[in-house]
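Colleague: can't give you the sequence, but here's the structure:
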């Protein structure tokens, strides 16, 4: 999108929402893998092949509900970073240049996911 004053183009809301959705789902996968490692008495080892294969989401949603918003957002960021894909550079730029919008998208997506749990916070 060309601009008249050479300012960078505004990132679309749709793109930021997509990034937030990926990050929240990745955080759920991380929580699942961490809880499974704890239950099995094994060390946590991230398995990127399972990043979007979260089965039985409610326990992991409930665990994330116990965290503060700041802790959840940190986990969303870690989750996104832990998944190999072509949007890493865009994500890092959003963290710096569009942090407020990204955090709002995290909150909005989390509200949708958290409603899956009957024990909402």
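Modeller: Now that the structure is in, tell me what you want to look at. Values in this document were obtained by computation on a predicted structure and should not be read as measured data. Residues are numbered from 1 along each chain as shown.

Colleague: Would you mind listing the buried residues in the longest helix anywhere in the chain?
Modeller: Longest among the helix segments of the chain by residue count, using DSSP state H, is helix 13-40. By 16 or more other C-beta atoms under 10 Å, the buried positions in helix 13-40 come out as 16-17, 19-33. All C-beta spots, glycine's among them, are computed from the backbone N, C-alpha and C.

Colleague: Could you point out which residue ranges in this structure have low pLDDT?
Modeller: Across the chain, residues meeting the criterion (pLDDT under 70) sit at 1-9, 47-55, 118-121.

Colleague: Okay, the most centrally placed residue in it and residue 39: tell me how far apart.
Modeller: The residue lying closest to the centre of the chain (C-alpha atoms, centre = their mean) is residue 23, at 2.1 Å. From residue 23 across to residue 39, the span is 25 Å (C-beta to C-beta, to the nearest Å).

Colleague: In the helix or strand following the longest helix of the chain, which residues are buried?
Modeller: Sequence order places helix 58-65 as the next helix or strand after helix 13-40, per DSSP states H and E. Going by neighbour count (16+ other C-beta under 10 Å), the buried part of helix 58-65 is 60, 61, 62, 64.
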